[in-house]
Every structure is written in structure tokens, then in C-alpha cells.
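1. next comes the sequence, and after it the predicted model I'd like to discuss.
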Protein chains: 2
Amino acid sequence: MSDQDETAAGTDRTDTESPRCYCPLGGVMDLLSRKYAMQLVCVVGALGPVRYGEVADAFGDVSSSTLSTRLDELVAAGYLSREQYAEIPPRVEYELTDDGRELCERLEPLLEWAERRDQLP
Amino acid sequence: MSDQDETAAGTDRTDTESPRCYCPLGGVMDLLSRKYAMQLVCVVGALGPVRYGEVADAFGDVSSSTLSTRLDELVAAGYLSREQYAEIPPRVEYELTDDGRELCERLEPLLEWAERRDQLP
DNA sequence: CAGAATCCATTCGGATACTG
DNA sequence: CAGTATCCGAATGGATTCTG
């Protein structure tokens, strides 16, 4: 279904369609579109193995539930790892996975640029 | 949100300021977190001056209202330009502004990577 | 400390129908 | 063709409270 024939009949089509589409609609992009998701990846990337509280501090007044949900999603998606230590008081550390690092590399230029841009009048 | 009234009076600006914060919380990032926003920027960037219908085609079954809203927002934010020609039938072309091009450059690596990643089983 | 759970206001986006 | 207008259900994020 939804097999659109190419406008240019001469274009060589590889066996499968979707030659190069710049609009990935599901998957990662959906996750990244949730609030603070991109920032979260980069914050963890910047702070290294980081505890929940530090992340919360970095975000200021973001509710813990939201932050927690976002962290969970990123862990579940395989971009963050979560290490829990059986200590008292309990300590948890988040860190980028390899995939997360790849993602972070692509996110950083964007966020850095966004940051500069937002701080301009 | 994002009220920064620091360094106005009484705040020591010695060295307590965090040099760089990787979590821009408002402005551009908010806009980019809306659905299809990032993809839209890159689609317009990839297709050059592009008409509304072509954009709609590129996105498949995305409702026109959503697409229209997103386009408006990006135009209002200064990342897209909208050129309307007084013809019949009417023609409208969207194109990246200079700012939009800067944004697109930072978005492309991300989307390209996301695309590859989503196509894997 | 690090969150899970709950509840809720708000927002968001989709479908549909209509216009210049 | 290129939208706009309207309505509405779904999803989202925030506040609060509680816990191991």
C-alpha cells in the first residue's frame, strides 16, 4: 500500500522504495519530540555518569515525574543506562550508552546553537 | 518559564555562573519539539522552494491542519519564508531562511541517523 | 536520595468541512 | 491549490503525595 510511483521514470530504483526521505516519522524522533528529551540526552552526555539529583538540578523547576518518565523512556529505548547501587542513601547513576553517545553527538550542535539563539534579544 | 533575572543586583558574578548549560528549555527547542517540526525543516531544506502540496505529499497522511499550523509556526519563528504568488491556481512556496538553513544543517545529521536507525529491525 | 503513583488541566494533533 | 475553522479525543506534562 501507499506505493507512490516516482515522477522520474528513469531514476534507478533499488529493490525497495523510500530512496531517501528526510522525514522519519516514528521511532526515535517521536521520543525526541517529548519535552526535555533532547536536552536530557545532552545533559547526561555532558555530566558523565550522573545522579538523578544532578540532572534535576540542571533542569531547575521541572517536575520529578516528568523527568523520571523521560529518563525511563530513554533507558527503555537504549540511549541511557541506569546503574543502581544498593547503598544508603540510595544512589543511581545514569550514563549514555553507545547508542546514546551517537545520538548525543548529533544533538549537541543543535542544542548549542539553540542556546546561543535563545539568549539573543 | 525561563525567567533569568540574574546579575541584576547583588549577585556575585565572580565564578558561580555555570559556563555552559546544555539544556535550553524554551524558544527554539519548544518549537522543534512539536510534531513533524524538525522533519519539516529538513524536508523544505531538501526540496528547495517547495509548494504546500509537495510537503503534504512528503509527509503522507498528516492532516492539513497540523501541517499548516507547523508551517505557520516555523514561518513566524523566522525559519521558513512563505512566498505567495497571485496566480490561478494559487501557488505558495516555502523556503528556508538563512536562520532556517543554519537550523537545517544541525538537524540533518540527526534525522539521517534517526532514519537509518528506524529502518533497522 | 530517587523515584512511583495519582490526579488533573492543558495542550496537541487529527478528522472533517468549508473558502478564496 | 492552499489553506482556515471548528470540534473533539488522546496524550502530555505538572503538582502533589508517598515510599524503600
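-> Everything's here; your move. Please read all numbers here as calculations on a predicted model, not as lab measurements.
2. all strands for chain A, in order.
-> For chain A, the strands defined by DSSP state E cover A:50-51, A:80-85, A:91-96.
3. including mean neighbour count and distance to A:Val43, could those strands go into CSV?
-> To be clear about C-beta, it is placed using only N, CA and C from the backbone, and glycine gets the same treatment. Below are the strands of chain A laid out as CSV (neighbours: other CB atoms under 10 Å in any protein chain shown; distance: least, CB to CB, whole Å):
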stretch, mean neighbour count, distance to A:Val43
strand A:50-51, 17, 7
strand A:80-85, 14, 11
strand A:91-96, 18, 9
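4. out of those, which gets nearest to B:Ser63?
-> strand A:80-85 (33.0 Å; CB to CB).
5. quick check: residues of chain A near DNA strand D?
-> A:34-36, A:61-66, A:69-70, A:89-90 (CB under 7 Å from any atom of the strand).
6. repeat that for 10 Å
-> Within chain A, the positions lying close to DNA strand D (CB under 10 Å from any atom of the strand) are A:30-31, A:33-37, A:59, A:61-70, A:73, A:88-92.
7. touching DNA strand C at all, the helix ranked longest in chain A?
-> Ranked by residue count and defined by DSSP state H, the top helix of chain A is helix A:98-119. No: applying CB under 10 Å from any atom of the strand, one finds helix A:98-119 separated from DNA strand C by no less than 15.8 Å.
8. could you dump the strands of chain A into CSV with mean pLDDT added?
-> Output for the strands of chain A, formatted as CSV (pLDDT from 0 to 100):
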stretch, mean pLDDT
strand A:50-51, 96
strand A:80-85, 96
strand A:91-96, 97
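9. how about those in JSON lines, adding distance to B:Arg101?
-> Shown next, in JSON lines, are these (distance: least, CB to CB, whole Å):
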{"stretch": "strand A:50-51", "distance to B:Arg101": "34"}
{"stretch": "strand A:80-85", "distance to B:Arg101": "32"}
{"stretch": "strand A:91-96", "distance to B:Arg101": "29"}
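10. beta-bridge partners for A:Glu83, please?
-> A:Glu93 (DSSP bridges).
11. so what's it up against?
-> For A:Glu83, the contact set (CB atoms under 8 Å, 6 or more residues apart in numbering or on different chains) comprises A:49, A:92-95.
12. out of the residues you listed, who's nearest B:Ala77?
-> Nearest to B:Ala77 among these is A:Tyr94, at 31.7 Å by CB to CB.
13. what's the spacing between the closest one and chain B?
-> 14 Å (CB to the nearest CB, to the nearest Å).
14. what does A:Leu67 give?
-> With CB to the nearest CB as the criterion, A:Leu67 and chain B are 11 Å apart.
15. was I right about that residue contacting A:Phe59?
-> Yes: contact status for A:Leu67 versus A:Phe59: in contact at 6.5 Å, counting by CB atoms under 8 Å.
16. shared neighbours of the two, anything?
-> A:Tyr36.
17. and chain A, which of its residues are near DNA strand C?
-> Contact residues (CB under 10 Å from any atom of the strand) of chain A with DNA strand C: A:25, A:33, A:35, A:50-57, A:63-69, A:71-72, A:75, A:82-85, A:87-94.
18. quick one: residues contacting the nearest residue to A:Val28 once chain neighbours are set aside.
-> Ranked by CB to CB, 6 or more residues apart in numbering or on different chains and with sequence neighbours excluded, the top spatial neighbour of A:Val28 is B:Ala114, at 4.4 Å. By CB under 8 Å, 6+ apart, the contact set of B:Ala114 is A:24, A:27-29, A:32.
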